[in-house]
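In: Below: sequence and its predicted model.
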Amino acid sequence: MPVNLTSNAITAINGGDVNLKPLVQVLDIKLIGNTQERYRLLLSDSVSTQHAMLATQLNDRVKSGRVRKGSVVQLIDYICSTVQNRKIIVVLNMETIIPDYEIIGNPKLLMESDSTSQKALAGSNSKNPARIPYNNMPAPNSGNKMQSFRPTVQPLYQPPPNYRNHGPIVKNEAPARVIPIASLNPYQGRWAIKARVTAKGDLRRYNNARGDGKVFSFDLLDSEGGEIRVTCFNAVVDRFYDTVEVGKVYLISKGSLKPAQKNFNHLKNEWEIFLEATSTMELCVDEDSSIPKQQFSFRPINEIENAENNSILDIIGVVIFVNPSVPILRKNGMETQRRILNLKDGSGRSIELTLWGEFCNKEGQELQEMLNSGFSPILAVKAGKVNDFSGKSIGTISSTQLFINPDFPEACSLRDWFDKGGKSAASQSISRDIMQGGPRNEIRKTVSQIKDEGLGRSDRPDWIMVKATISFIKTDTFCYTACPLMIGDRQCSKKVTRSGNTWQCDRCNQEFEECDYRYLLQAQVQDHTGLTWVTAFQESGEEILGCSAKELYILKYEEQDDIRFGEIVRQSLFNQYLFKLKIKEEMYGDEQRVKITIVKAEKLNYSTESKYLLDLISKLHV
């Protein structure tokens, strides 16, 4: 008995029928895409064929062989979109009925004229489509042997229509179908998603060759756990910035999808939504309890030792120490606040967490007050950024969220561990005590040990701390001209060159009237064992000299105030610092040289230093 595919299914789908659930055959499969694997299929209803694109969540069907050339499949969830002036079926869900079967009929590619002339026929046939008789259907090439097939068809989720008081609805004016975030793809036509805002970024302004602009982004989470970032530019910012509120649920439609920029987007989604002038965003007044408030993927602190630099992750720990908030001059010349605290968990490790900006005055101050009262709070960090300076640490970014004493199962388990002995349990810091490069990287070294122990000559850099003074600073070249443009959340900072009355950046390929100035200090540091040359960049240069590179440049070259310039330099000499150094052998021309970089320069705290020395004496005595 021959297999009957759904009659005129291809024509019906091209006519807009998305409820047919037809039985079709796969005639061809082709892998396309350079950065993202996608499969293009050729589907047949035994008379006509049509190209289709498989949603990426169904790629495993092809890889596992469940769908291959000759397979008879039932389309469960699908749409038909126009891509580059031709129609293509986007398959969102399907079931394999027969894994392998001979080619049915003599199908031909459906042309646009065929589709137009057969829309009426498709409409009538779609009401009573021919189906495969599920009972007594023969297996391919099995002769007279009969085999029973009874596919499981999952019902497509369709929310009730929301027509309300819109009046008569004409074609294409009905509300878009709500779909899961995981099903979004750029081949769809009209769609809508219902999701909760879990994070909202700051409003940022930028300048490029097309002029000034502004942008902000926010993250969405739906009831199925799908996440995606939404970005708005310029006039769209004015429409939605004040509307978007973290924790609220919205119905969003009429946006465009583009590949996610993974340098700035940590969500596990290959797409990103860009809202446009025609986009809609409607607040859902009724609370939807099926959509979580937040979604976490916590990493134990001991696993962060092997995490990649600049990666984004979630952690949770007990706050055991909070430093005071201190002012820091940013790369763009603006002042911000920085506060450093320490977290520990049951993995036997602790880590340094750096709070920036408003986090210092809000959550940071609250955490400090709790510790001062004798209570150690639990802190959950959503979207913290890994930093590998001086071991591994975590820092906040614009999309970071902090949750103090949250009502999570992980927080309850951590509190129980801490109260039942974890408070006194020993923990090693992966930010200070354990550093990259192996056992040679002790907390403290002397200047002479850098050379004597051959630090920096292995494959990975050595990170050490040295108590020393600065004895000399080269003042003829203490800074360089840098690009002031922002690339995402960071300043470009690449060296720029003068081009007439403007500055030019080769990296950004742009010109601008004013450049930035960043430290590139060459200095000598010494202790009781010897001296060595070191390099200090922007942040450590500001810590040493107490002012920005731009201020010092203006003082020396524009105001030509050599007296004040000399005083600033002299005040930084012969003070005791605790230097965090990165030591790595690099190639200069044809010669290998060891480069020593000051990662951080802290003026010596004599009280803390005394406690360190007394503790060291006690260990030596034991």
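Out: Perfect, I can see it now.

In: The residue nearest to Phe408 when sequence neighbours are not counted: what secondary structure?
Out: With sequence-adjacent residues excluded and distances taken as CB to CB, 6 or more residues apart in numbering, Phe408 is closest to Ala380, at 6.6 Å. Heads up, the C-betas are built off the backbone N, CA and C, glycines and all. The local conformation at Ala380, judged by DSSP: H, G, I helix; E, B strand; the rest coil, is strand.

In: what pairs with Ala380 across the strands?
Out: Ile316, Phe403 (DSSP bridges).

In: ok, so what distance separates it from Lys495?
Out: From Ala380 across to Lys495, the span is 40 Å (CB to CB, to the nearest Å).

In: same question, Gly15
Out: Gly15 is 60 Å from Lys495, by CB to CB.

In: More neighbours: which of the two?
Out: Gly15 (18 against 14; other CB atoms under 10 Å).

In: what does the domain assignment say about the chain?
Out: Structurally, the chain divides into domains by automatic domain parsing as follows: 9-125, 181-283, 301-429, 447-478+520-614.

In: so how far is the shortest one from its chain's centroid?
Out: What that stands for is domain 181-283. 14 Å (CA atoms, centre = their mean, to the nearest Å).

In: next one: the last one
Out: On the basis of CA atoms, centre = their mean, domain 447-478+520-614 is displaced by 33 Å from the centre of the chain it belongs to.

In: contacting residues for the most centrally placed residue in the chain?
Out: The centroid of the chain falls nearest to His266 when counting by CA atoms, centre = their mean (1.3 Å). Residues in contact with His266 (CB atoms under 8 Å, 6 or more residues apart in numbering) are 311-312, 383, 399.

In: Which helix or strand in this protein has the lowest average pLDDT?
Out: helix 119-125 (a mean of 43; mean pLDDT, DSSP states H and E).

In: Report the next helix or strand after that helix in sequence order.
Out: Next in sequence after helix 119-125, counting helices and strands by DSSP states H and E, comes strand 192-200.

In: Which stretches in the stretch 451-600 of the chain count as strands?
Out: 462-473, 479-482, 486-487, 490-491, 497-499, 502-505, 510-512, 516-519, 521-527, 530-536, 576-588, 591-603 (DSSP state E, counting those that start in this stretch).

In: most tightly surrounded among these?
Out: Of all the strands of the stretch 451-600 of the chain, strand 516-519 carries the top mean neighbour count, a mean of 23, counting by mean count of other CB atoms under 10 Å.

In: strands paired with that one, and their directions?
Out: Partners of strand 516-519 in its sheet, by DSSP bridges: strand 479-482 (antiparallel).

In: How far does the partner strand sit from its chain's centre?
Out: 30 Å.

In: one step back: any chance of a ChimeraX selection covering the buried ones in the contacts of His266?
Out: A single ChimeraX command is used to select the members of these judged buried by 16 or more other CB atoms under 10 Å:
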select :312,383,399
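
In: Mark which of the contacts of His266 are part of helices, please.
Out: Among those, no member is found in helices (DSSP state H).

In: among the contacts of His266, which one has the lowest pLDDT?
Out: Taking the contacts of His266 together, the minimum pLDDT is found at Ser399 (80).

In: Other residues contacting the longest helix along the chain?
Out: If you go by DSSP H, the chain has its longest helix at helix 606-621. Here helix 606-621 makes contact (CB under 8 Å, 6+ apart) with 467, 578.

In: Going forward, the N-terminal residue is numbered 30.
Out: Sure, I'll start numbering at 30, so the last one becomes helix 635-650.

In: Please identify the buried residues of it?
Out: Applying 16+ other CB under 10 Å to helix 635-650 flags no residue as buried.

In: what's the angle from that helix to strand 620-632?
Out: 120 degrees (axes from the mean of the first three to the mean of the last three CA atoms, to 10 degrees).

In: okay, helix 635-650 in PDB with CA atoms only?
Out: In PDB, the C-alpha atoms belonging to helix 635-650 read as follows (Å, rounded to 0.1, in the frame of the first residue of the first chain):
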ATOM      1  CA  TYR A 635      51.200  50.200  58.300                       C
ATOM      2  CA  SER A 636      48.500  48.700  60.600                       C
ATOM      3  CA  THR A 637      47.700  46.000  58.100                       C
ATOM      4  CA  GLU A 638      51.400  45.400  57.300                       C
ATOM      5  CA  SER A 639      52.100  45.000  61.000                       C
ATOM      6  CA  LYS A 640      49.400  42.300  61.300                       C
ATOM      7  CA  TYR A 641      50.900  40.500  58.200                       C
ATOM      8  CA  LEU A 642      54.400  40.500  59.700                       C
ATOM      9  CA  LEU A 643      53.300  39.300  63.100                       C
ATOM     10  CA  ASP A 644      51.300  36.500  61.400                       C
ATOM     11  CA  LEU A 645      54.300  35.600  59.300                       C
ATOM     12  CA  ILE A 646      56.500  35.500  62.400                       C
ATOM     13  CA  SER A 647      54.000  33.200  64.100                       C
ATOM     14  CA  LYS A 648      54.100  30.800  61.200                       C
ATOM     15  CA  LEU A 649      57.900  30.800  61.100                       C
ATOM     16  CA  HIS A 650      58.000  30.100  64.800                       C
END
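
In: And it, how far out from the chain middle?
Out: 42 Å.

In: cool, stretch 124-140 as well?
Out: For stretch 124-140, the distance to the chain centre is 41 Å (CA atoms, centre = their mean).

In: in it, what's buried?
Out: 124-127, 130, 133, 136, 139.

In: mind listing which of these are in helices?
Out: Per DSSP H, the buried residues of stretch 124-140 never map to helices.

In: Mind checking which of those residues are in strands?
Out: Judged by DSSP state E, the buried residues of stretch 124-140 include 124-127 as members of strands.

In: can I get those residues in TSV with distance to Lys287 and pLDDT?
Out: Shown next, in TSV, are these (distance: CB to CB, whole Å; pLDDT from 0 to 100):
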residue	distance to Lys287	pLDDT
Glu124	31	87
Thr125	32	88
Ile126	35	85
Ile127	38	87
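
In: Looking at these, which one is closest to Ser93?
Out: Taking CB to CB as the measure, Ser93 lies nearest Thr125 of these, at 10.2 Å.

In: pretty sure the closest one is in contact with Val102, am I right?
Out: Yes - contact status for Thr125 versus Val102: in contact at 5.4 Å, counting by CB atoms under 8 Å.

In: Name the residues contacting each of these two.
Out: Counting by CB under 8 Å, 6+ apart, the common neighbours of Thr125 and Val102 are Val96.

In: Low-confidence ranges, the protein, go.
Out: 30, 62-65, 113, 140-205, 358-362, 418-419, 461-472, 516-518, 648-651 (pLDDT under 70).

In: on that earlier part again, reformat the strands of the stretch 480-629 of the chain as JSON lines; add distance to Ile433.
Out: Listed next are those as JSON lines, based on distance: least, CB to CB, whole Å:
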{"stretch": "strand 491-502", "distance to Ile433": "31"}
{"stretch": "strand 508-511", "distance to Ile433": "38"}
{"stretch": "strand 515-516", "distance to Ile433": "31"}
{"stretch": "strand 519-520", "distance to Ile433": "28"}
{"stretch": "strand 526-528", "distance to Ile433": "48"}
{"stretch": "strand 531-534", "distance to Ile433": "41"}
{"stretch": "strand 539-541", "distance to Ile433": "42"}
{"stretch": "strand 545-548", "distance to Ile433": "36"}
{"stretch": "strand 550-556", "distance to Ile433": "39"}
{"stretch": "strand 559-565", "distance to Ile433": "36"}
{"stretch": "strand 605-617", "distance to Ile433": "29"}
{"stretch": "strand 620-632", "distance to Ile433": "27"}
